[in-house]
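Novice: Return atomic coordinates for the entry below.
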Amino acid sequence: AGTARSSQVRVDVPVPPPPDLERHVETLDLDEVWEHLNPQMLYGKHLGLKGSVERLSAAGDPKLEKLVRVIDELKQVARDGAMVAKAVWAFFPARGRGNRIVLLNGVAEPVAEWEFPRQRGADGLCLADYVCDDDHVALFVTTAGAGVQGRVEAWKRAGEYLKSHAFAALALETAEAAAELVHKRLRAAWGFPDPPELAGRDVLAARYQGKRYSFGYPACPDLEGQRQLFAALAPEEIGVVLTEGEMMSPEASVSALVFHHPDARYFGV
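Specialist: This next block holds a predicted model:
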């Protein structure tokens, strides 16, 4: 595969300035985070409920109602101190050359550098195509996993299997919801807030300008890219470390690169 920029990505788009180049660390409000929870993922994927959660909810499905009661109870346990949602994020000056993205610090020294794969065939896409001249890229990490594992194990030992499994699932989806919230704030701070009429399901379907990409997913499948992201952002401060296999620990954590380009879309290489 070559390194020629794909013609599917315009070069003449406006380049919004970031609000600052500071590194932000924040403890997030759990209830605000949970407004961004994906019920289909929580109840369907993790808790094994078959069918559309939206339809089951409208029909008053007893299985769903039982699971909602369990999650509501666990949310209260989380509010009482058993779960903390944290985030770290920053905007970095970015240069895209061929298939390579370089992030700089305020004094124009490289702090992270990646060579991204390009789709095969003519005119294939690469993440580097989404970086314009004199541009910026945001990085973030969110987590809701600190201390969760101990409680999950304790409930398992006590034979409280549903509670144990549901709390682990809630932590995973809380980290995802925190990523959704942080990304939404980044879009607003970057000057292209979501229109007020954008519905929750449209947000979950990523029908907004700009996209976020995580290592290990189709556009950037190589988990080793996490090393550079961690070097630039230092999420160890919020309790997230990388294992030898480049996985995040605790597992209920999300990392991402965020682009503003209006042509950005999800693709696989």
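Novice: Now do the helices in this structure.
Specialist: Assigned by DSSP state H, the chain shows helices spanning 30-34, 39, 53-58, 62-77, 148-157, 161-189, 200-204, 225-233.
Novice: List the buried residues in the fifth one.
Specialist: Okay, so that is helix 148-157. Val148, Gln149, Arg151, Val152, Trp155 (16 or more other C-beta atoms under 10 Å). From N, CA and C alone the C-beta is placed, and that goes for glycine too.
Novice: cool, and the first one?
Specialist: In terms of neighbour count (16+ other C-beta under 10 Å), helix 30-34 has its buried residues at Leu30, Val33, Trp34.
Novice: Let me see the contact set for the second one.
Specialist: Val33 makes contact with Ala85, Ala144, Thr174, Ala177, Ala178, Leu181, according to C-beta atoms under 8 Å, 6 or more residues apart in numbering.
Novice: want to throw the buried residues of helix 30-34 into CSV with pLDDT and distance to Pro250?
Specialist: What follows is the buried residues of helix 30-34, written out as CSV (pLDDT from 0 to 100; distance: C-beta to C-beta, whole Å):
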residue, pLDDT, distance to Pro250
Leu30, 98, 16
Val33, 98, 16
Trp34, 98, 18
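Novice: circling back to that earlier point, where among the helices of the chain is the average confidence lowest?
Specialist: Across the helices of the chain, helix 200-204 has the smallest mean pLDDT, namely a mean of 78.
Novice: So which elements touch that helix?
Specialist: helix 161-189 (3 or more C-beta pairs under 8 Å, 6 or more residues apart in numbering; DSSP states H and E).
Novice: Show me what the helix it packs on is packed up against.
Specialist: strand 23-28, helix 30-34, helix 62-77, strand 85-97, strand 135-143, helix 148-157, helix 200-204, strand 253-259.
Novice: Please state the offset of it from the chain centre?
Specialist: Chain-centre distance of helix 161-189: 9 Å, with C-alpha atoms, centre = their mean, to the nearest Å.
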